[in-house]
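Peer 1: what follows is a predicted protein model with its sequence.
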Amino acid sequence: MSLIIDGVEIPVDARLDLSVSYQRLERSATHRVGPAATAIKQTLWSGKYRVTVSGSGWYPPGLQSVDFSGAVLLASIAPLSIVGGVGDIVIGADTDRRAEANYAPYAHAIMIDGSRQDAELSVAVNGDCTITPVAGAVRYQVFWFPVMSLIFSDPPAENTDMSGITTSWEMVGEQV
């Protein structure tokens, strides 16, 4: 499996310890109304992500050739997932998912006792998921590996520890 940042495949020995975190972003406000001061949430927009990628290893990640002045394409190694019923899961268009064979979306059936079984999954170009029902399943979880166009306020921070001969790096971007 590989992490690719704007065409640069991060070498395994530069990401021996790798973390990818996704934070959903939204612009919203909470308003209090009425005599009981009931909270109501008003959302202006949502559906974008802040992504933090950090790693460490024996070598730097090799990102000096990436132009961070504009959008940067991230082909992630960490999956996103969604839980739902057999016919109501949508994961996004195929342009938002990795297309390589090792990164195909996959599904688990979640059984009543909490155990999981693999479930047969097919995904349409628009992201509609068709899951073959599994006897005894109460819901399903679909996983996919995203491709995102991100804007970075700053290029990645890199730190080399000469005593341990390790390099660590971190980058934080927001989806375009």
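Peer 2: That came in fine, so what should we check first? Residues are numbered from 1 along each chain as shown.
Peer 1: most remote residue from the chain's center?
Peer 2: residue 35 (41.7 Å; Cα atoms, centre = their mean).
Peer 1: spatially central, which residue of the chain would that be?
Peer 2: The C-alpha lying nearest the average C-alpha coordinate of the chain belongs to residue 80 (Cα atoms, centre = their mean; 4.6 Å).
Peer 1: is that one in contact with residue 22, as I believe?
Peer 2: Yes. Taking Cβ atoms under 8 Å as the definition, residue 80 is a contact partner of residue 22 at 6.3 Å. Just so you know, the C-beta spots here come from the backbone N, C-alpha and C atoms, and that holds for glycine as well.
Peer 1: quick one, strands of the chain?
Peer 2: Taking DSSP state E as the criterion, the chain carries its strands at 4-5, 8-9, 17-33, 38-57, 72-75, 80-84, 106-111, 116-119, 121-123, 129-131, 137-144, 147-152, 157-161, 166-175.
Peer 1: among the ones you listed, which is nearest residue 96?
Peer 2: Within these, the stretch nearest residue 96 is strand 147-152; the backing value is 6.0 Å (Cβ to Cβ).
Peer 1: the closest one pairs with which strands?
Peer 2: When pairing is defined by DSSP bridges, strand 147-152 lines up against strand 72-75 (antiparallel), strand 166-175 (antiparallel).
Peer 1: adding distance to residue 11, mean pLDDT and mean neighbour count, write the ones you listed out as CSV.
Peer 2: As requested, these are exported to CSV (distance: least, Cβ to Cβ, whole Å; pLDDT from 0 to 100; neighbours: other Cβ atoms under 10 Å):
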stretch, distance to residue 11, mean pLDDT, mean neighbour count
strand 72-75, 15, 97, 19
strand 166-175, 11, 96, 18
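Peer 1: just so I know, which of those lies nearest residue 134?
Peer 2: For residue 134, the closest of those is strand 72-75, at 30.2 Å, according to Cβ to Cβ.
Peer 1: OK, contacts around residue 90?
Peer 2: The contact partners of residue 90, by Cβ atoms under 8 Å, 6 or more residues apart in numbering, come to 82, 126, 127, 128, 129.
Peer 1: for stretch 9-29, buried residues please.
Peer 2: By 16 or more other Cβ atoms under 10 Å, the buried positions in stretch 9-29 come out as 10, 11, 14, 15, 18, 20, 22.
Peer 1: quick check: the two most widely separated of those residues?
Peer 2: Largest separation among those by Cβ to Cβ: 11 and 22, giving 23.1 Å.
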